[in-house]
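In: Sequence and computational prediction follow.
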Amino acid sequence: MLTQFDFVKEIAKYGLENDQEKLLKTLGELIEHSKKTKKINFALQLQSILKESLKEQKFSGLMKVESNNYFDREDEKDLKEFILEKITSDYSFQNIICNEDVKEELSFFIKEHKLADIIRQLELPISNKILFHGPSGCGKTLAAYILAGELDKMIYVVNLGAIVSSKLGETSKNITKIFKKAAREDCIIFFDEFDSLGKIRDYSQDHGEMKRVVNTILQLFDYLPQDTLVIAATNQINMLDEALLRRFDLILKLELPTPQQTEELIMKILKQSHFYYADTIVKELIQDCDGLSFYSIQKTLGNAMKKSFLNNQDKTLDTDVWKSLISSERRALIK
Ligand SMILES: Nc1ncnc2c1ncn2[C@@H]1O[C@H](COP(=O)(O)OP(=O)(O)OP(=O)(O)O)[C@@H](O)[C@H]1O
Ligand SMILES: [Mg+2]
């Protein structure tokens, strides 16, 4: 059995070696060790130091906090391939551009969870199952990370595709394990590409499999502890079972940008960039972006800046280059 001194030695070693992953793991172990040896105050202090420092680290919105060796419990080893990542998010509300009503619903949802204790005391139910849908590149995954960031919770990204194509009959068991693990660790469960569920029909020879899996999820949803959050995202909402859809407390659609939102996005990117641009020409290009997603617009603009610089060795946005990139993105869309 390791003593506190052993942990201190390991922490010093990994800290000096800048091995963030092992350092975090050892700190986690020390917290557990302290709890077991009745040093609860120390454990809680360490836990909050860890949380604060993770929050303060400047990373590009997301940080992977655990690697595969996280799954040290024997019965969780087979979950390795089903949980893509455990991450902490630094995204906040200001990162998303969306309709006012979606914004309002999202901020209400966040408030509800921040004040969960009071709502519980009033014996009112708390919404904890949310589904984002809408076209690709309009912020579904982003919205999930924003919720995690705003609520300061870790997020488990579940690889539903892998679960669904896993061994016949194992799907329900694996989903149940993930729910339990997330509830135990107070993490958000995030099912990206939730429509993969509909694909069980194709993968499985056993037609009862789809029914069983959907039933398992329905049950897990029905008995979900109120402080466990489930977020799902899909761009094919019609692939989802009606009974499953009904279980969500909130279903929000993230749509393609309006011209105003396109302008907001473009201006935000340009203002944060190192590039000069002609305001009037940029405004003219906004209508060319009609039909493109937030992601596509962001991509064309990023590439245009890169090309402008590489072609001209100058930090002025070449709007002709950008215009042609927008056109080819639109052509790809029509195909
Ligand atoms: N509504 C938005 N506001 C601001 N930026 C956005 C928005 N939507 C998308 N983006 C940008 O595009 C990136 C990709 O978006 P995201 O992954 O959230 O799309 P998605 O809806 O999940 O798409 P898919 O269905 O393909 O998974 C985001 O990380 C962000 O940089
Ligand atoms: Mg996505």
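Out: Noted; the coordinates are in hand. Ligands and ions are numbered 1, 2, ... in the order given.

In: List the contacts of Asp290.
Out: With contact taken as CB atoms under 8 Å, 6 or more residues apart in numbering, Asp290 is in contact with 259, 262. Every residue, glycine included, has its C-beta placed from N, CA and C.

In: Quick check: the residue in the stretch 101-250 of the chain that ligand 2 sits nearest to vs Asp192, distance?
Out: Proximity to ligand 2, evaluated over the stretch 101-250 of the chain using CB to the ion, is greatest for Thr141 at 3.3 Å. Note on Thr141: its distance to Asp192, by CB to CB, to the nearest Å, is 6 Å.

In: residues shared between the contacts of those two?
Out: Contacts common to Thr141 and Asp192, judged by CB under 8 Å, 6+ apart, are Ala233.

In: could you check whether the helix or strand containing Leu142 is close to ligand 1?
Out: Assigning secondary structure by DSSP states H and E places Leu142 in helix 140-151. Yes. For helix 140-151, a contact with ligand 1 is found by CB under 6 Å from any ligand atom, at 140-142.

In: Could you find the closest non-adjacent residue to Met267?
Out: In space, and not counting its chain neighbours, Met267 is closest to Val282: 7.9 Å by CB to CB, 6 or more residues apart in numbering.

In: which strands and helices sit next to whichever strand or helix holds the one you found?
Out: Secondary structure assignment for Val282, by DSSP H and E: helix 279-286. Judged by 3 or more CB pairs under 8 Å, 6 or more residues apart in numbering; DSSP states H and E, helix 279-286 is in contact with helix 259-272, helix 319-334.

In: Which positions within the longest helix that the chain contains qualify as buried?
Out: Secondary structure of the chain read by DSSP state H shows that its longest helix is helix 294-312. For helix 294-312, the neighbour count (16 or more other CB atoms under 10 Å) marks 294-298, 300-301, 304-305, 307-309 as buried.

In: Name the next helix or strand following the lowest-mean-pLDDT helix or strand in the chain along the chain.
Out: Among the helical and strand segments of the chain, the one scoring lowest on mean pLDDT, DSSP states H and E is helix 200-203, with a mean of 53. Using DSSP H and E, the helix or strand that directly follows helix 200-203 along the chain is helix 207-222.

In: Could you export that following helix as PDB, CA atoms only?
Out: C-alpha atoms of helix 207-222 as PDB (Å, rounded to 0.1, in the frame of the first residue of the first chain):
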ATOM      1  CA  HIS A 207     -34.100  -7.800 -35.400                       C
ATOM      2  CA  GLY A 208     -34.900  -8.000 -31.700                       C
ATOM      3  CA  GLU A 209     -31.600  -6.200 -30.900                       C
ATOM      4  CA  MET A 210     -32.800  -2.700 -31.900                       C
ATOM      5  CA  LYS A 211     -35.900  -3.100 -29.700                       C
ATOM      6  CA  ARG A 212     -33.800  -4.300 -26.800                       C
ATOM      7  CA  VAL A 213     -31.400  -1.400 -27.000                       C
ATOM      8  CA  VAL A 214     -34.000   1.200 -27.400                       C
ATOM      9  CA  ASN A 215     -35.800  -0.300 -24.400                       C
ATOM     10  CA  THR A 216     -32.600  -0.200 -22.400                       C
ATOM     11  CA  ILE A 217     -32.100   3.400 -23.100                       C
ATOM     12  CA  LEU A 218     -35.800   4.200 -22.400                       C
ATOM     13  CA  GLN A 219     -35.400   2.600 -19.000                       C
ATOM     14  CA  LEU A 220     -32.000   4.300 -18.300                       C
ATOM     15  CA  PHE A 221     -33.600   7.600 -19.200                       C
ATOM     16  CA  ASP A 222     -36.600   6.900 -16.900                       C
END
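
In: Quick one: work out the angle between the helix or strand following it and helix 140-151.
Out: Using DSSP H and E, the helix or strand that follows helix 207-222 in sequence is strand 230-234. With axes from the mean of the first three to the mean of the last three CA atoms, to 10 degrees defining the directions, strand 230-234 sits at 160 degrees from helix 140-151.
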